[in-house]
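S.K.: here is my input; please provide its structure:
(one chain, ligands or ions: 1)
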Amino acid sequence: MRLLFLGPPGSGKGTQCQLLSNELKIRHLSSGDLLRASVAQGTAAGLEAKTYMDKGLLVPDPVLIAMFKDNLSQENCHNGYILDGFPRNLSQAKSFDDMLSNLHQFLDCVINLEIDSEPLTLRITGRRVCANKNCLKVYHTKFNPPQVENVCDDCKCELIIRSDDKEDLVKVRLATYFEQTQPLIEYYQLKKILVNIDASQSSQNVFNSILTTLKELTKTH
Ligand code: AMP
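M.R.: Numbers count the residues shown, from 1 in each chain. Got it, this is the predicted structure:
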């Protein structure tokens, strides 16, 4: 199954994609996580990306397109994947369409996590992420706290605040989303593969709604 998630920063994309990746046993490809890994490795692409990420702006399209072309052709994506954070503007969506047709693949579903913009800042500034690059589990100080403060339930590593989860950058990231990524909702609506999910519910209820949607989808396919 090939899935794509849309939704503003703080809508819970990362959490839902991690849950779904475990449930369906397919790869979760998060553009933000891939970029942060390149930054940590100090690659040329990572260093270029960092200057944009530090400002809450989108990294130039060629960096993302090369990154996803490479990942999607890898064997661990052959039985499906969940895309989180890519594509993020219309030009990336068109390049992604080309990648799909070159690989003779199609997207099964685009899941759009719908939520009012009001609670997003609180959701993002309370976010904590496992520092272990092989885990990267996402928590929230209020809505999804770890059992022990600042310690990952799964791998027991330290939890950190992402450098771009500070309030001033969050405003820019939200504006970037509404200006550049939101038009993708209509783009995929026109392709008749978009499903809206109410992301204001609890994380477990959002997950259940997604699973119900995907079950319906496999019945009709
Ligand atoms: P995220 O973890 O999805 O919130 O992404 C963190 C940052 O990585 C964003 O604020 C952007 O600077 C950059 N980024 C992630 N995905 C993309 C993308 N598809 N296109 C351009 N920049 C991206």
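S.K.: specify the local secondary structure of residue 129.
M.R.: With DSSP: H, G, I helix; E, B strand; the rest coil as the basis, the three-state label of residue 129 is strand.
S.K.: who is it paired with across the strands?
M.R.: The residues paired with residue 129 through beta bridges, assigned by DSSP bridges, are residue 138, residue 160.
S.K.: may I see the buried residues of the longest helix along the chain?
M.R.: Counting by DSSP state H, the longest helix found in the chain is helix 203-220. Within helix 203-220, the residues scored as buried using 16 or more other CB atoms under 10 Å are 203, 206, 207, 209, 210, 214. Using the backbone N, CA and C atoms, a C-beta is placed for each residue, glycine as well.
S.K.: swap in stretch 180-198?
M.R.: Going through stretch 180-198 with 16+ other CB under 10 Å, the ones that come out buried are 180, 181, 184, 185, 187, 188, 193, 194, 195, 196, 197.
S.K.: which of the residues you listed fall in helices?
M.R.: Secondary structure from DSSP H places 184, 185, 187, 188 of these in helices.
S.K.: how close does the last one get to the ligand?
M.R.: When distances are taken as CB to the nearest ligand atom, to the nearest Å, residue 188 and the ligand turn out to be 15 Å apart.
S.K.: just residue 208 next, same as before
M.R.: Remark: distance between residue 208 and the ligand (CB to the nearest ligand atom) = 24 Å.
S.K.: so where does residue 52 fall, helix or strand?
M.R.: Using DSSP states H and E, the secondary-structure element containing residue 52 is helix 44-53.
S.K.: for the closest residue to the ligand within the chain, list the residues it contacts.
M.R.: Shortest the chain-to-the ligand distance, computed as CB to the nearest ligand atom: residue-wise this is residue 32, at 1.9 Å. Under the criterion of CB atoms under 8 Å, 6 or more residues apart in numbering, the contact partners of residue 32 comprise 14, 84, 85.
S.K.: is it true that the last one touches residue 17?
M.R.: No: with contact defined as CB atoms under 8 Å, residue 85 and residue 17 do not form a contacting pair (9.1 Å).
S.K.: got the CA coordinates for the longest helix of the chain in PDB?
M.R.: Coordinates of each C-alpha in helix 203-220 appear next as PDB, following Å, rounded to 0.1, in the frame of the first residue of the first chain:
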ATOM      1  CA  SER A 203      -4.500  10.100  18.800                       C
ATOM      2  CA  GLN A 204      -6.000   6.600  19.300                       C
ATOM      3  CA  ASN A 205      -9.300   7.700  17.700                       C
ATOM      4  CA  VAL A 206      -7.500   9.400  14.800                       C
ATOM      5  CA  PHE A 207      -5.600   6.100  14.300                       C
ATOM      6  CA  ASN A 208      -8.800   4.100  14.400                       C
ATOM      7  CA  SER A 209     -10.500   6.400  11.800                       C
ATOM      8  CA  ILE A 210      -7.500   5.900   9.500                       C
ATOM      9  CA  LEU A 211      -7.600   2.100   9.900                       C
ATOM     10  CA  THR A 212     -11.300   2.100   9.100                       C
ATOM     11  CA  THR A 213     -10.800   4.200   6.000                       C
ATOM     12  CA  LEU A 214      -8.000   1.900   4.800                       C
ATOM     13  CA  LYS A 215     -10.100  -1.200   5.400                       C
ATOM     14  CA  GLU A 216     -13.000   0.300   3.300                       C
ATOM     15  CA  LEU A 217     -10.500   1.200   0.600                       C
ATOM     16  CA  THR A 218      -9.100  -2.400   0.400                       C
ATOM     17  CA  LYS A 219     -12.700  -3.700   0.100                       C
ATOM     18  CA  THR A 220     -13.400  -1.500  -2.900                       C
END
